[in-house]
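Colleague: Sharing a model that was predicted from the sequence below.
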Amino acid sequence: MSDFKKIEQLEKRLWSAADSLRANTGLTAQEYSRPILGLIFLRYAEFRFENAAAKLEGQSGRRRGGDIKSRIQAEGAMYVPEEALYSNLLKLPESANIGANINEAMKALEAENEAIKDALPKSYTRFDNTILKDLLKNFAAIDFGMGSDVFGRIYEYFLNEFAKTEGQGGGEFFTPSTLVRLITEIIEPFHGKVFDPACGSGGMFVSCANFVEEHNRDAADELSIFGQEKTGDTVRLSKMNLAVHGLQGDVREGNSYYEDIHNCAGNFDFVMANPPFNVNEIQKDRLIDDKARFPFGMPRTDNGNYLWIQLFYAALNDKGRAGFVMANSASDARASEQNIRQQLIEAKAVDVMIAVSSNFFYTVTLPCSLWFFDKAKKGTDREDTVLFIDARHIFRQVTRAVRDYTSEQLNFIANIVRLYRGEGIDNVYLNQHPEEANNGDWAVDKHFPEGQYQDIAGLCKVATIEEIKQQGWSLNPGRYIGISASEDEHDEDFAAKLEALQEELEVLNSEAHLLENEISKNITEIVGGAR
């Protein structure tokens with residue numbers, strides 16, 4: 001059996017064990033997800049610690065300076081004191097207060113590692129000994145030596161499962177790893193300062209680090225990480241996620257609309273984000289004078305999409321790249337939002353637009369778009385163009401309700417962008433995940449046999465700013481790409497066309513809902529003023 005299959009089986013077994021908390025305690029996913037992730041974190045911390053200690057012991061012949069703690073941390077591991085060792089918790093008798101002991105283990109680990117200060121859960125006394133003992137035994141079975149990033153896979157799997165269980169609210173969705181990785185592949189964060197002002201559990205940062213490591217560089221040396229998140233619990237989760245991957249970052253709690261904690265304007269090489277979609281009731285009067293972060297003005301509609309878009313643009317330095325997830329409706333939004341979009345396009349920073357299929361998110365069918373800015377394209381032959389990719393027909397059907405990309409599909413989309421930029425093909429990601437390939441269906445040379453970019457009907461099109469102007473400054477790929485010859489001749493893709501119409505209807509319904517709220521608000525103001 002391959003390591004990939006073994007990890008899949010292990011994930012499902014561990015989830016079954018963790019889900020027993022819900023069944024036996026009546027706690028919500030929000031309440032039990034953090035303690036579960038905390039135990040996996042503790043187990044992995046010991047694994048990394050033991051490996052680093054063994055490596056240092058092997059170097060004793062050419063002894064290096066520094067105390068053992070600093071040397072362990074220099075190896076990218078956390079220093080784990082005796083009272084925080086997972087193996088010692090496993091040995092506790094049934095008669096012990098296991099919850100209290102785990103709480104003390106978490107405190108001891110934090111005390112020795114500044115990067116995770118106040119980040120770990122300490123609520124284990126609410127669970128009875130039997131449940132905790134079972135969980136400790138189950139997580140002890142994890143073989144972190146199996147595969148290249150077992151912990152990352154398991155951690156990500158648990159985050160995904162909790163996201164499905166917790167659902168979504170306020171326009172916030174857990175970002176599927178396949179979309180995070182596609183954004184990473186396209187902005188290519190080899191070196192510099194990375195910013196995510198809606199960082200959630202830190203998945204964007206981990207993806208950047210994986211990208212750097214896979215290209216044979218040290219992520220800790222190459223990347224500086226800066227994040228902001230409005231929820232304290234999520235900030236702590238992000239710090240845990242970074243720490244277990246040997247990363248350090250400046251992640252702080254704060255509302256990114258109103259609090260510019262990192263002085264973001266012009267400060268970053270890369271911006272990555274999945275902001276909450278279509279947020280209303282933002283207090284724009286508090287932002288109107290912040291020209292540095294919102295240089296194109298306030299949208300009149302009660303919707304935060306174009307506040308986020310401006311914030312991402314403004315945070316980039318003059319060579320910076322941004323990639324982010326956005327609601328489809330933003331690509332064609334009218335009135336004041338269209339005016340802001342026009343200014344963005346005329347600033348020559350919009351570089352790539354990708355339409356993504358529905359069903360990529362775990363809790364909603366909502367289709368989305370990926371936007372990419374590149375301020376470094378000024379002065380290049382791409383200065384007056386935008387690449388549009390319609391990837392709505394590119395996906396793997398994982399379950400009836402969930403889709404993602406295979407490594408080959410993801411690699412293909414990213415390399416269309418590289419060809420457009422005049423860069424060489426990069427197959428590192430595909431080579432790292434050969435088990436997910438599709439037998440060459442999405443091989444780059446199959447679709448681009450000359451090894452150079454070309455427009456392909458139904459897939460990709462480079463449009464000029466003048467063409468975009470003629471389309472009412474729309475950034476919707478469907479307006480430019482058309483349909484493929486095979487679709488036109490044989491009508492074999494009826495289901496895909498029907499789905500596209502359904503997605504368009506969802507967008508129109510979303511816009512109608514926003515207009516309904518705006519009309520209701522205006523009527524209330526008029527009636528109230530008349531009294």
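Modeller: Right, received. Where do you want to start? Being a predicted model, the structure only gives us computed values, none of them experimental.
Colleague: any idea where the helices of the stretch 151-300 of the chain begin and end?
Modeller: 177-187, 203-214, 219-222, 232-244 (DSSP state H, counting those that start in this stretch).
Colleague: try the stretch 351-500 of the chain
Modeller: In chain order, the stretch 351-500 of the chain shows helices spanning 407-421, 428-432, 444-447, 465-470, 478-481, 485-490, 494-530, with DSSP H, counting those that start in this stretch as the criterion.
Colleague: who touches the second one?
Modeller: Judged by Cβ atoms under 8 Å, 6 or more residues apart in numbering, the contacts made with helix 428-432 from elsewhere in the structure are S148, R181, E185, E214, H215, S407, E408, L410, N411, A414, A437. Bear in mind the C-beta positions are built from the backbone N, C-alpha and C, glycine included.
Colleague: could I get these as CSV with distance to C460?
Modeller: Supplementary listing: those in CSV, determined by distance: Cβ to Cβ, whole Å:
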residue, distance to C460
S148, 32
R181, 20
E185, 16
E214, 25
H215, 25
S407, 20
E408, 17
L410, 15
N411, 15
A414, 12
A437, 21
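Colleague: Counting neighbours, which of the residues you listed comes out on top?
Modeller: Greatest neighbour count in the contacts of helix 428-432, by other Cβ atoms under 10 Å, goes to N411: 27 neighbours.
Colleague: So that one is in contact with N427, correct?
Modeller: Yes - between N411 and N427 a contact is recorded at 6.2 Å, counting by Cβ atoms under 8 Å.
Colleague: quick revisit: which of the helices of the stretch 351-500 of the chain has the lowest average pLDDT?
Modeller: Out of those, the stretch the model trusts least by mean pLDDT is helix 485-490, with a mean of 46.
Colleague: need the least confident one among the helices of the stretch 151-300 of the chain, by mean pLDDT.
Modeller: When mean pLDDT is averaged over each of the helices of the stretch 151-300 of the chain, helix 232-244 scores lowest at a mean of 84.
Colleague: can you list contacts of that helix?
Modeller: Applying Cβ under 8 Å, 6+ apart, the set of residues contacting helix 232-244 is 34, 37-38, 41, 44-45, 48, 78, 113, 115-116, 118-121, 151, 155, 199-203, 205-206, 225, 227, 229, 248-249, 251-253.
Colleague: Select only the buried ones of the residues you listed in PyMOL?
Modeller: Written as a PyMOL command, the selection of buried residues from those, which uses 16 or more other Cβ atoms under 10 Å, is:
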select buried, resi 34+37+38+41+44+45+48+78+113+115+116+119+120+121+151+155+199+200+201+202+203+205+206+225+227+229+248+249+251+253
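Colleague: show me what contacts D318?
Modeller: Contacts for D318 were tallied using Cβ under 8 Å, 6+ apart; they are G266, K375, A376.
Colleague: Now name the helix or strand holding the closest residue to the last one other than its chain neighbours.
Modeller: Looking back up the chat, that one is A376. If the residues on either side of it in the chain are set aside, A376 comes closest to K319, at 4.4 Å by Cβ to Cβ, 6 or more residues apart in numbering. In this structure, K319 is located in strand 316-327 according to DSSP states H and E.
Colleague: Dump the C-alpha coordinates for that strand into CSV.
Modeller: These are the backbone C-alpha positions of strand 316-327, laid out as CSV (Å, rounded to 0.1, in the frame of the first residue of the first chain):
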residue,chain,number,x,y,z
LEU,A,316,1.9,45.7,-2.5
ASN,A,317,5.2,47.4,-3.1
ASP,A,318,6.0,48.4,-6.7
LYS,A,319,7.2,44.9,-7.6
GLY,A,320,4.6,43.0,-5.6
ARG,A,321,2.1,40.3,-6.6
ALA,A,322,-1.3,39.5,-5.0
GLY,A,323,-3.6,36.5,-5.4
PHE,A,324,-7.0,36.3,-3.7
VAL,A,325,-10.4,34.6,-3.8
MET,A,326,-13.4,36.8,-4.6
ALA,A,327,-17.1,36.5,-5.1
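Colleague: Next, the angle from it to helix 177-187.
Modeller: Strand 316-327 and helix 177-187 meet at an angle of 150 degrees, taking axes from the mean of the first three to the mean of the last three Cα atoms, to 10 degrees as the criterion.
Colleague: packing partners for the helix or strand following strand 316-327?
Modeller: Heading C-terminal from strand 316-327, the first helix or strand you meet, by DSSP H and E, is helix 335-346. When contacts are defined as 3 or more Cβ pairs under 8 Å, 6 or more residues apart in numbering; DSSP states H and E, helix 335-346 packs onto helix 305-315, helix 465-470.
Colleague: Good, we can wrap up now.
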